[in-house]
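# sequence-free structure coming up:
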């Protein structure tokens, strides 16, 4: 009796350990897979020309990823610029100011928003944002725009990221002990002063980590962006230009015209870029986080 | 002087404080004693209106701080809180340096125009709680690195820095080791020359040692109140007698 209990515990331990290792190994396997698949193009072209050339002529075997990389950067930055302040203030309102009744209604709504399939955001972008940009925004700045622009992609992506960011920020702010807020309030601070100087200061590492998570998510988002970005190859010169981020490139082209030499390999290389960027980005944020947390101690 | 008249506090459906009438004299230590859950902390938190953050709280009656009713009338809560310092049970340093912790309230309340005055003021208050020497050379390091007893004294210095008239202490020594507790307790005795101190305490012996006045509470009511020697040596109420003799705690 006693023995079987201990054996069960050992089996459970072993199984969970194995599953954890498998989950981590998946990342390594994907990285290796992507590298092997993109090896042919890497052997034939210099890394420099792949990353920094804007010549994209698959028929001629020219693969310059700069337009796609720039497209990804533009859209991601714009999305975060839109989402960050809105999410931060919303989360501050919900945790620091709102009554519990408000929270009771807003929290489930946020969860629903976060769970909406991205294609729905894409459709909303096509039906609402794209025409709005084309008819009301763009005419002030350029002669003609279809509305399928960096701006449209940034807005759609930003709105998509907001529920995620708000939930993360709420989690982060809720981790601040009430005592700490009261210590500040008891000195005659207003709630805004307390939020600014104590809550945000205390949670800076968490805010940063959440933002990095949101950026990683935004970089990889495919379908909603693909639907509104215009998918025109070229380095965008402003937010009213069309763009073509990396995930859209892969989704649009993979499986087609793979008979072309190096084409598949090039697309896999695009995936590898995305993978490495997100990985490096997360690692960097870990380092910053570590520094910040240690500075407090 | 703080005067409480017919104070009733409800939180949702619970009647927490029942018709409380108490006066806290100036420049003395008043200890609020009583068994757990009798409303000591609620009473304390009403005085600086930190109770406001509790969901579903209703207050009626009067709490007069220097003659001004803080429950009704558009009382300026932030100014009230500046006037009434708080030292809580567990020390709670703000996530900043030792210096900034003490300077925090001064900056919030825009007390000083020039930096030199601020530095002098911070040092003065650190000295008042006996910390200045101990933190010499690391005043710009995070306050979280201090020992828990030092942290509590830092919190006291932080409260003193905004020049309050009253100090509320909510079992301020209960989380500390005996030596730190003694240091903090002695500080309170020293501080009563300049401040009116209202202290919730769980340990009768502490009240015996330092109280000038005692308020004994039971189940949300003030059972007995008066000068410490009178309440301790000649309690009028049967419940007080039982509590003091340790029949319940």
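Ah, there it is. Quick caveat, the model's predicted, so the values are computed rather than measured.
# Going by C-alpha atoms from here, please, whenever you check contacts or count neighbours.
Fine.
# list the helices and strands the helix or strand hosting residue B:187 packs on?
Residue B:187 is part of helix B:178-191 when elements are defined by DSSP states H and E. With contacts taken as 3 or more CA pairs under 8 Å, 6 or more residues apart in numbering or on different chains; DSSP states H and E, helix B:178-191 sits against helix B:148-161.
# What angle do helix B:178-191 and the helix it packs on make with each other?
Interaxial angle, helix B:148-161 versus helix B:178-191 (axes from the mean of the first three to the mean of the last three CA atoms, to 10 degrees): 20 degrees.
# ok, which stretches of the stretch 51-200 of chain A are strands?
Secondary structure of the stretch 51-200 of chain A by DSSP state E, counting those that start in this stretch: the strands cover A:56-57, A:62-63.
# so of those strands, which one's packed in deepest?
strand A:62-63 (a mean of 20; mean count of other CA atoms under 10 Å in any protein chain shown).
# next one: that one to chain centre, how far?
Taking CA atoms, centre = their mean, to the nearest Å, the mean C-alpha location of strand A:62-63 is offset from the chain mean by 27 Å.
# What are the contacting residues of that strand?
Outside of strand A:62-63, the residues within contact range by CA atoms under 8 Å, 6 or more residues apart in numbering or on different chains are A:49-50, A:53-57, A:266.
# List the strands paired with it, with their directions.
Sheet partners assigned to strand A:62-63 using DSSP bridges are listed as strand A:56-57 (antiparallel).
# Any residues of chain B in contact with chain A? List them.
B:48, B:50, B:55, B:77-82, B:84-86, B:92-96, B:105, B:108-109, B:142, B:144-145, B:159, B:162 (CA under 8 Å from any CA of the partner chain).
# show me where pLDDT drops low in the chain?
By default, I'm working from chain A. Within chain A, the ranges that satisfy pLDDT under 70 run A:1, A:296-297.
# if you could check chain B rather than the one you did, that'd help
Across chain B, the ranges flagged by pLDDT under 70 are B:73, B:75.
# Which parts of it are helices?
Along chain B, counting by DSSP state H, helices occupy B:40-47, B:77-83, B:98-108, B:115-128, B:148-161, B:178-191, B:204-210, B:228-233, B:238-244.
# in the shortest one, what's buried?
Judged by neighbour count using 16 or more other CA atoms under 10 Å in any protein chain shown, the buried positions of helix B:228-233 are B:228, B:231-232.
# which one among those gets closest to chain A?
Checking the buried residues of helix B:228-233 against chain A with CA to the nearest CA, the nearest one is residue B:228 at 28.0 Å.
# now that closest one: how far from residue B:29?
According to CA to CA, to the nearest Å, residue B:228 and residue B:29 sit 10 Å apart.
# overlap in contacts of the two?
Listed as contacting both residue B:228 and residue B:29 by CA under 8 Å, 6+ apart are B:211-213.
# Mind putting these into a markdown table with neighbour count?
Converted to a markdown table, the shared contacts of residue B:228 and residue B:29 look like this (neighbours: other CA atoms under 10 Å in any protein chain shown):
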| residue | neighbour count |
| --- | --- |
| B:211 | 23 |
| B:212 | 20 |
| B:213 | 25 |
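# Now intersect the residues you listed with the strands, please.
residue B:213 (DSSP state E).
# among the contacts of strand A:62-63, who's most crowded?
When neighbours are taken as other CA atoms under 10 Å in any protein chain shown, the top entry among the contacts of strand A:62-63 is residue A:266 (25 neighbours).
# Going by neighbour count, which residues in the helix or strand hosting it are buried?
Per DSSP H and E: residue A:266 is located in helix A:263-296. By neighbour count on 16+ other CA under 10 Å, the buried set for helix A:263-296 is A:263-275, A:278, A:282, A:285-286, A:289.
# now stretch B:132-147
With burial defined by 16+ other CA under 10 Å, the residues of stretch B:132-147 counted as buried are B:132, B:135, B:139, B:141-144, B:146.
# Nearest to residue A:21 among these?
residue B:144 (36.6 Å; CA to CA).
# you'd agree that closest one is up against residue B:91?
No. Taking contacts as CA atoms under 8 Å, residue B:144 lies outside contact range of residue B:91: 9.9 Å.
# Please enumerate the shared neighbours of these two.
Common neighbours of residue B:144 and residue B:91, using CA under 8 Å, 6+ apart, are residue B:151.
# Enumerate the residues of chain A near chain B.
Counting by CA under 8 Å from any CA, the residues of chain A near chain B are A:100, A:179-180, A:182-190, A:193, A:198, A:201-202, A:295-297.
# Could you give me the ChimeraX syntax to select whichever of those residues are buried?
Here is the ChimeraX selection string for the buried members of the residues of chain A next to chain B, based on 16+ other CA under 10 Å:
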select /A:179,180,182,183,184,185,186,187,188,189,190,198,201,202
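# residues near residue B:182, how many?
For residue B:182, the count of nearby residues is 15 (other CA under 10 Å).
# Likewise for the one 5 residues further on?
Residue B:187 sits with 16 neighbouring residues when counted by other CA under 10 Å.
# Disregarding residues adjacent in the polypeptide, which is nearest to it?
Nearest non-adjacent residue to residue B:187, counting by CA to CA, 6 or more residues apart in numbering or on different chains: residue B:129, 6.8 Å away.
# Residue A:90: what's it in contact with?
Contact partners of residue A:90, counting by CA under 8 Å, 6+ apart, are residue A:166.
# ok, 10 Å please
A:84, A:96-98, A:162-163, A:165-167, A:169-170 (CA atoms under 10 Å, 6 or more residues apart in numbering or on different chains).
# Residue 218: how many residues sit nearby?
Assuming you mean chain A. When neighbours are counted by other CA under 10 Å, residue A:218 registers 23.
# I was thinking of chain B, sorry if that wasn't clear
Count around residue B:218 with other CA under 10 Å applied: 20.
# With that, I have no additional questions.
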